[in-house]
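K.L.:
Compute the structure for the input listed below.
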Amino acid sequence: MRDNNIESKHEESKKQFPQINLSDNEYIIFSVEKSLIGLVPRFIAGGMIILLLLVFLFNYGSIVKIFHFTGPLADTSSMVLPVLLFVSLTFIGLYISYYVYSSNQLFLTNESVIQEIQTGLFSHFEQIISLEGVEDVSYHQDNFMQYIFNYGAVRLSTIGDETTYRMECVSNPKKYADLLNDAVEAFKNKREVDTEVENSNIA
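P.N.:
Below is the predicted model:
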């Protein structure tokens, strides 16, 4: 007979994460998202491009005088549309970058670890790792910035094929590595995975 509590958790997970393919008794315990700090360099670059375009537009009259432009190029209004077009394209590029970046997630279920990987606007795939097959979970903070802002990579290695799965720019990577290790240990020792995670003392 099916456990009503498990069924309820399963249905709730399907509603909350319709993009995830779950088995009959499977439900999501928590998800791991990338830290927005990983987007900072891209948004700085995009902001600089927009700023330079606007500076160019507002100073175009001086540029015309310096280079002695004549004809259509001498008309400042002729630059408004091209500059606004480039600004709009930059905003669209930043949004696409945000969408692709934030679509990368890792989910812990009571049976497996599911990694949603988005490498481009139309490039997406999913990796599913059974908790039974996880050999080791670790985290890495490789530089001063990662240590100061407390983000880094979470890595899972599997038994047998020695495949390593890695998720970059995770906030508080030690916390999630510990939680995943607790879940793997609970699963392999036939204990309830979500209880093991909920009872963790990780802050």
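
K.L.:
number of nearby residues for residue 191?
P.N.:
12 (other C-beta atoms under 10 Å). Where you see a C-beta, it was placed from the backbone N, CA and C, and this is true even at glycine.

K.L.:
Could you look up the SS state of it?
P.N.:
coil (DSSP: H, G, I helix; E, B strand; the rest coil).

K.L.:
Look up how far residue 47 lies from it.
P.N.:
49 Å (C-beta to C-beta, to the nearest Å).

K.L.:
Excluding sequence neighbours, find me the nearest residue to residue 116.
P.N.:
residue 105 (4.8 Å; C-beta to C-beta, 6 or more residues apart in numbering).

K.L.:
in terms of contact, does the one you found touch residue 30 like I think?
P.N.:
No - taking contacts as C-beta atoms under 8 Å, residue 105 lies outside contact range of residue 30: 10.6 Å.

K.L.:
For this protein, just list every one of the helices.
P.N.:
Applying DSSP state H to the chain gives helices spanning 4-16, 40-58, 60-67, 80-102, 144-148, 173-188, 193-198.

K.L.:
on that earlier part again, so if I had to pick from residue 105 and residue 30, which one is more boxed in?
P.N.:
residue 105 (18 against 15).

K.L.:
hey, what's the more buried one bridged with?
P.N.:
Beta-bridge partners of residue 105, counted by DSSP bridges, are residue 33, residue 116.

K.L.:
In contact with it, which residues?
P.N.:
31, 32, 33, 34, 115, 116 (C-beta atoms under 8 Å, 6 or more residues apart in numbering).

K.L.:
and the fourth one, how far is that from residue 137?
P.N.:
From residue 34 across to residue 137, the span is 17 Å (C-beta to C-beta).

K.L.:
Output stretch 52-62 as CSV - backbone C-alpha positions only.
P.N.:
Extracted C-alpha coordinates of stretch 52-62, given in CSV (Å, rounded to 0.1, in the frame of the first residue of the first chain):
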residue,chain,number,x,y,z
LEU,A,52,29.8,53.7,-23.6
LEU,A,53,27.0,53.6,-26.2
LEU,A,54,25.1,56.4,-24.3
VAL,A,55,28.2,58.4,-23.8
PHE,A,56,28.9,58.1,-27.5
LEU,A,57,25.3,59.3,-28.3
PHE,A,58,25.3,62.3,-26.0
ASN,A,59,28.8,63.4,-27.3
TYR,A,60,28.2,62.7,-30.9
GLY,A,61,27.9,66.4,-31.7
SER,A,62,31.5,66.9,-30.5
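
K.L.:
Can you point out the buried residues in it?
P.N.:
53, 57, 60 (16 or more other C-beta atoms under 10 Å).

K.L.:
So the first one sits against residue 85, correct?
P.N.:
The reference is to residue 53. No - contact status for residue 53 versus residue 85: not in contact, 9.7 Å apart, counting by C-beta under 8 Å.
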